[in-house]
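Chemist: Provide a 3D model corresponding to the input given below.
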Amino acid sequence: MNNTKQSQSLSATARFYWAVQVLLGTGVFCWAVLTWQSHDHLRFFAYLLSAIVASVLKVRLPGVTGAASVSFLFMLIGIVDLSLPETIVIAACSMLAQCIWRTARAPKAAQVFFSVASIVIAVYVATAIHNYARTTMPEPLALGVLAVAFYFANTFPIACIIALTEALPLWSLAIRNQWLLPYYAGGTSLAWLIGTMPRTIQWEVPIICLPVVYLIHRSYRTHLGQIEQEKKHMADMNGVQTRTIEALALAIDAKDQNTHDHLQRVQLYALEIGKDLGLSENELHALRAAAVLHDIGKLAVPEHIICKPGKLTPDEFQKMKIHPLVGAEILERVSFPYPVVPIVRSHHERWDGSGYPDGLSGTQIPIGARILGAVDCFDALASDRQYRRALPPEEAMAVVAAESGKSFDPAVVDVLQRRYRELEARAQGSEVTSRTKLSTDVNITRGAAPGAGFAAAPVAPESAKSASAPGIELPSMTGFNLEEALAIAAVRIKAALPYDAMAFHSKDGQTLRPEFLGGRYSAGLSGIPLAVGAGLVGWVAENREPIVNGNPAEGYALFQLQSGVAIPIRDDSHKVIAVLSLYRRGREAFTSEEVAALLTLEAPLARMMAVDRAEIVREPFHPITSRDAFPVNNVIH
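Modeler: Reported below is the predicted structural model:
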């Protein structure tokens, strides 16, 4: 058997092993030549030529770039029926022919030397073991020992060089081609039968053996063809599984397009930490899939909750908490060959048992879920989200470390804390896999109406308002246009609720047009119209609900401001006609009482909008020149 799977640059240990193997093989070959003996030269040359011809009948070995030939049959016959020097020369010459004759790619000299030396040593070792076995046990058992000894003596050197070069487990490599053992056993039986033939048959024996050799070759090809078909089938199945994972990840991306890069980073972090913690190959496969699929259950969560540019309410969080359970139920139908489902189900469990959905604690939580939980939290903190700005990696790591032993497995946190800078650098330097653009923004013009017809447009319920909250009173706006009235309202609002920036957008179809911008940091409030559904203001317009301490960066380039509050302004039919938003520099800067007070402005602002639209001819958006009474360029400081 010849295997040419060797690295271009061998390690020092591999080079040393190669040198030792070649020196030993050369020594054994020289000994065979110097102690040459042959009782029948014609018989020897007949076997030699037959072995060389048989070496051309090669089959490719599965999984490697080497090949096996049926010349082993003449080596086994030589061990049983010829002298050791004769068998060594036959083995060396047939292996040399196998390496250089009719090869798909010319081997390197080092590979040829190693292959020839290995087979010479294999013949020497197998012969020594067989000679000892013949003197201590019955012939059938001795022949079985010969088959096993020749198998390991032939395959072990190749397995060693691959293990040293590719850092693969030696034993699994040594037994990878165990399907050869039955052929070696058949070869030893044939060798024994030939040994019992009359000595009057000399050079004819190899010719008689050639049909058998060809049958063995055909059997080789058939067997290996079946192996290749099975491997191809497995590769196709793995490909289907991989594409299924990619398709499901794409489905998550269609729901929440902020997660794509996050999922890839989480996968990188999780796999590296899993390797450090000694996870098995199956556990790593499961972790690789779960890293990109753990949020698949968000498909069952309303989109306005997923994309909300602010903190969730208790009711919204209740709806969000179903996603690990739903994700596990979806993935159960995929029938992964490794445990993906338990990781997805448990990735929000906490080390102290305070997580969900099952309240698992400690090592009850699958190791993959423990890794994913810590990594997911770290990357979420270090990434921009709809509801807040990204933290620096050091601050994000400090938050995760503070939860060690409470929310997260201390062993996982230790590895993450040791390697997060290195992994962050790798994530920043690696190329992000391009994602397929789904047709979520295409306007389909065909199809006039569904079969059941259209329903009446739903009426949004009133937002909850605190009856005990102090209100903000606005003076009479009679005689003022919209811009002037908003400037007066901004002064009253600032006196009751200090802010660093303020914006008022009127809704026109699916567009939010800025009517007023105010505050010292209002330069970041772009005067460009916003789309309904985009950012903090667009979310409020689309969902007709206020938002508290949302992320101002969603929709604006506000680098100094970190908290935003926005309320919808609705008319008598509960239709959103405008959005009022305030911003502050600190995190979590607004209270629920302040939001309740701001909500008392909804009705007067709605009336002001109604009067403006009904009675006043709108003028172009223009600067107001009196800085004391009204803001310059519609911006109040």
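
Chemist: all contacts plus neighbour counts: C-alpha atoms, from now on.
Modeler: Will do.

Chemist: Asp276: neighbour count?
Modeler: Neighbour count for Asp276, taken as other C-alpha atoms under 10 Å: 12.

Chemist: What is the burial count for the nearest residue to it once chain neighbours are set aside?
Modeler: Leaving aside its sequence neighbours, Asp276 sits nearest to Val415 (C-alpha to C-alpha, 6 or more residues apart in numbering; 7.4 Å). Per other C-alpha under 10 Å, the neighbour tally for Val415 reads 16.

Chemist: Val415 and Ser407, how far apart?
Modeler: Separation of Val415 from Ser407 (C-alpha to C-alpha, to the nearest Å): 16 Å.

Chemist: re the thing from before, can you give me the mean pLDDT across the one helix or strand the residue nearest to Asp276 maps to?
Modeler: Per DSSP states H and E, Val415 falls inside helix 410-429. Mean pLDDT, computed over helix 410-429, is 88.

Chemist: The next helix or strand after it packs against which elements?
Modeler: Sequence order places helix 482-496 as the next helix or strand after helix 410-429, per DSSP H and E. Helices and strands touching helix 482-496, by 3 or more C-alpha pairs under 8 Å, 6 or more residues apart in numbering; DSSP states H and E, are strand 511-518, helix 602-615.

Chemist: could you check the angle helix 482-496 makes with the next helix or strand after helix 482-496?
Modeler: Remark: after helix 482-496, the chain's next helix or strand is strand 501-508, criterion DSSP H and E. With axes from the mean of the first three to the mean of the last three C-alpha atoms, to 10 degrees applied, the angle from strand 501-508 to helix 482-496 works out at 140 degrees.

Chemist: Show me what strand 501-508 is in contact with.
Modeler: Contacts to strand 501-508, defined as C-alpha atoms under 8 Å, 6 or more residues apart in numbering, come from residues 490, 512-522, 525, 541, 576-584.

Chemist: one step back: my guess is the residue nearest to Asp276 contacts Gly278. True?
Modeler: No - counting by C-alpha atoms under 8 Å, Val415 stays clear of Gly278, with 11.8 Å between them.

Chemist: is the closest residue to Leu486 other than its chain neighbours in a bridge, and if so with what?
Modeler: With C-alpha to C-alpha, 6+ apart as the criterion, Leu486 has its nearest non-adjacent residue at 6.8 Å, and that residue is Phe516. For Phe516, the beta-bridge partners are Phe504 (DSSP bridges).

Chemist: begin at 24 from here
Modeler: Got it, the first residue is 24 from now on, which makes the last one we talked about Phe539.

Chemist: Any figure for the gap between Phe539 and Ala619?
Modeler: 22 Å.

Chemist: go on, Ile184?
Modeler: Going from Ile184 to Ala619 by C-alpha to C-alpha gives 74 Å.

Chemist: The stretch 124-273 of the chain: strands as residue ranges?
Modeler: Taking DSSP state E, counting those that start in this stretch, the stretch 124-273 of the chain contains no strands at all.

Chemist: helices and strands of the protein: which one has the lowest mean pLDDT?
Modeler: strand 81-83 (a mean of 57; mean pLDDT, DSSP states H and E).

Chemist: List the residues that contact Ala214.
Modeler: Listed by C-alpha under 8 Å, 6+ apart, the contact set of Ala214 reads Leu96, Leu99, Ile100, Gly101, Val103, Asp104.
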